[in-house]
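*Asks:* Dropping the sequence and predicted coords here.
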Amino acid sequence: QVHLQESGGDSVQAGGSLRHSCAASGDTASSRVMAWFRQAPGQKREGVALIFGEGLTRYTGSAKGRFTISKDNAENTLYLQMNSLKPDDTAMYYCATGQIVSWDPRDFGAWGQGTQVTVSS
């Protein structure tokens, strides 16, 4: 099993930046894909960014050009750098691990506890 511990949530003004971290422990070798999801109140959980293979990345439309996912393999830590934040980015952010490249949360078996990001206008 993989245990994920997140940090980095905060309240910022629009246009600001935040960096999320997600420390993985346990059977990390089995985590082929690592991803960030977010969930706003009353909304479905949606994918933001994922990383797999030798650092290949994918982003959903809202994150492209503003967010950067990265991974430190030596430290087993996943990062999400978020720039030019907008009020629409307000949500609980979760890291997750899975076996396939997918934006379906059901394809991810391990989840962090979530950290809140609030962006004010």
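*Replies:* Received it, and whenever you're ready, just let me know what you need.
*Asks:* And the residue nearest the centre of the protein?
*Replies:* Compute the mean C-alpha point of the chain, and by C-alpha atoms, centre = their mean the closest residue is Trp36, 2.1 Å away.
*Asks:* Please, which helix or strand holds that residue?
*Replies:* strand 33-39 (DSSP states H and E).
*Asks:* Relative to the whole chain's centre, how far out is that strand?
*Replies:* 4 Å (C-alpha atoms, centre = their mean, to the nearest Å).
*Asks:* List the buried residues in that strand.
*Replies:* Going by neighbour count (16 or more other C-beta atoms under 10 Å), the buried part of strand 33-39 is 33-38. The way it works is simple: take the backbone N, C-alpha and C, and place the C-beta from them, glycine included.
*Asks:* Just send those back as JSON lines, with pLDDT too.
*Replies:* Formatted as JSON lines, these follow (pLDDT from 0 to 100):
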{"residue": "Val33", "pLDDT": "96"}
{"residue": "Met34", "pLDDT": "96"}
{"residue": "Ala35", "pLDDT": "97"}
{"residue": "Trp36", "pLDDT": "98"}
{"residue": "Phe37", "pLDDT": "98"}
{"residue": "Arg38", "pLDDT": "97"}
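*Asks:* and of the residues you listed, the nearest to Lys64?
*Replies:* Trp36 (13.4 Å; C-beta to C-beta).
*Asks:* and the gap between the closest one and Tyr94?
*Replies:* Relative to Tyr94, Trp36 is positioned 7 Å away (C-beta to C-beta, to the nearest Å).
*Asks:* Output the buried residues of strand 33-39 in a markdown table; the columns should cover distance to Asp88.
*Replies:* Formatted as a markdown table, the buried residues of strand 33-39 follow (distance: C-beta to C-beta, whole Å):
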| residue | distance to Asp88 |
| --- | --- |
| Val33 | 25 |
| Met34 | 24 |
| Ala35 | 19 |
| Trp36 | 16 |
| Phe37 | 15 |
| Arg38 | 10 |
